[in-house]
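In: Build me a model:
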Amino acid sequence: MVSSSCYVEQVMRRLPSRLLMAPLVLLVALTLPAGAAESLFKKGTLTLLAPGKRVVLEVEVADTPEARARGLMLRRSLPDTAGMLFVFEEEQRWGFWMKNTLIPLSIAFIDRYWKIVDIQDMTVAPNPQEGPFTIYESRAPARYALEVRQGLFRRYNAGIGTRILFRRHD
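Out: You can find the predicted model right below:
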């Protein structure tokens with residue numbers, strides 16, 4: 001049996017290497033070529049039930065810390081019929097920034113009942129690598145966030161209360 005002080009000592013010895021691993025994992029995710037990065041994401045179909053219109057989007061699903069950290073960074077284009085759905089373990093107020101993001105985006109924050117609770121337009125930073133970066137924080141707790149080309153929600157009159165249908169392509 002290992003004594004608790006021995007165990008704590010072992011954990012403390014391993015802690016620096018574990019702390020060094022987190023930035024390394026993030027660095028690897030950020031430096032992957034675009035094709036390799038896309039393999040981080042699962043796929044799905046998301047439908048906005050906007051007033052008088054169903055808007056169908058093919059989305060990439062960011063449901064791991066690595067995928068959420070990568071997001072839409074370094075993409076030079078995003079089709080009107082595409083987006084990225086961020087999935088979080090818990091519902092709370094989430095913040096997003098546009099570091100290394102080259103496309104103006106709109107973001108919808110979505111609650112656990114698949115209803116939009118907030119929409120914001122996000123602009124490309126003057127220097128996408130260095131900032132400064134605005135933090136776009138949800139005004140209400142959200143379990144999901146959907147990034148699309150800027151203006152898509154406005155174009156289809158999707159707003160707070162708009163319902164979402166989602167089907168994962170596993």
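In: The spatially most central residue of the chain - nearest residue in space that isn't next to it in sequence?
Out: In the chain, the centroid-proximal residue (CA atoms, centre = their mean) is F86; its distance is 3.8 Å. Counting by CB to CB, 6 or more residues apart in numbering, A145 is the residue found nearest to F86 once chain neighbours are left out, at 4.3 Å. C-beta here means a position set from N, CA and C on the backbone, and glycine is covered the same way.
In: Wait, the one you found touches S106, no?
Out: No: assessed by CB atoms under 8 Å, A145 is found out of contact with S106, at 10.8 Å.
In: about what we covered before: what's the helix or strand for the residue nearest to F86?
Out: Using DSSP states H and E, A145 falls within strand 142-149.
In: same check, this time on A69
Out: For A69, the host element (DSSP H and E) is helix 65-70.
In: what's the average pLDDT for that helix?
Out: For helix 65-70, mean pLDDT rounds to 95.
In: Which secondary structure elements does it sit against?
Out: For helix 65-70, the packing partners by 3 or more CB pairs under 8 Å, 6 or more residues apart in numbering; DSSP states H and E come out as helix 4-31, strand 53-62.
In: Any idea which of those has the lowest pLDDT on average?
Out: It's helix 4-31: among those, that one has the lowest mean pLDDT, namely a mean of 41.
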